[in-house]
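*Asks:* got a predicted structure plus its sequence, pasted below:
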Amino acid sequence: MDSFTPLSAILGGGLIGASAALLLLLNGRIAGISGILGGLLALPSRETGWRAAFLAGLVLAPLVYAGLGGSLSAVEVDASFPLLVVAGLLVGFGARLGAGCASGHSVCGIGRGSPRSLIATGTFMAVAILTVLVTRHLLGA
């Protein structure tokens, strides 16, 4: 996070909020990534198009930004592949157990005043803090 500025945070947060609000207003859907992906992986339906476009936008937007001259921060992952697989499966299990992911509950649910989303987001944050404490500080990983 070497290039963090308050302006970039405000612009990024504003774009995320605007896109979530527009999806809800224009399509009646929550911008929860796990739900969008899960619906795309289900049997083809009339919702396949917007779901694929939404997910493609998540992948292509940084590439377009870089193509227009923007600089992307390097991403370094210092975890082993098996650990990443286990972590991904745990995140997927948690999203399923919590009836949504962090994007759906935190960005959309709290914005809509959902008590369930407030509890889910608090749980996500508490588990994340505990995970960092254990893995980084107690185990030294």
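*Replies:* Yep, it's here. Numbers count the residues shown, from 1 in each chain.
*Asks:* burial count for the nearest residue to residue 29 once chain neighbours are set aside?
*Replies:* Excluding its sequence neighbours, the residue lying closest to residue 29 (C-beta to C-beta, 6 or more residues apart in numbering) is residue 23, at 5.5 Å. All C-beta spots, glycine's among them, are computed from the backbone N, C-alpha and C. Around residue 23 sit 18 other residues, with neighbours defined as other C-beta atoms under 10 Å.
*Asks:* list the buried residues of the helix or strand containing residue 23.
*Replies:* If you go by DSSP states H and E, residue 23 is part of helix 6-27. For helix 6-27, burial by neighbour count (16 or more other C-beta atoms under 10 Å) applies to 20, 23.
*Asks:* for it, which outside residues touch it?
*Replies:* 29-31, 50, 54, 107-108, 111 (C-beta atoms under 8 Å, 6 or more residues apart in numbering).
*Asks:* equivalent analysis for stretch 75-85, please.
*Replies:* residue 87.
*Asks:* how far off centre is that stretch?
*Replies:* Centre-to-centre, stretch 75-85 and its host chain are 18 Å apart (C-alpha atoms, centre = their mean, to the nearest Å).
*Asks:* pick out the residue nearest the middle of this structure.
*Replies:* By C-alpha atoms, centre = their mean, the chain has its centre lying nearest to residue 103, at 4.6 Å.
*Asks:* just checking, next helix/strand downstream of the helix-or-strand element of the chain with minimal mean pLDDT?
*Replies:* Of all helical and strand segments in the chain, the minimum by mean pLDDT, DSSP states H and E falls on helix 102, at a mean of 82. Next helix or strand after helix 102 toward the C-terminus (DSSP H and E): helix 115-132.
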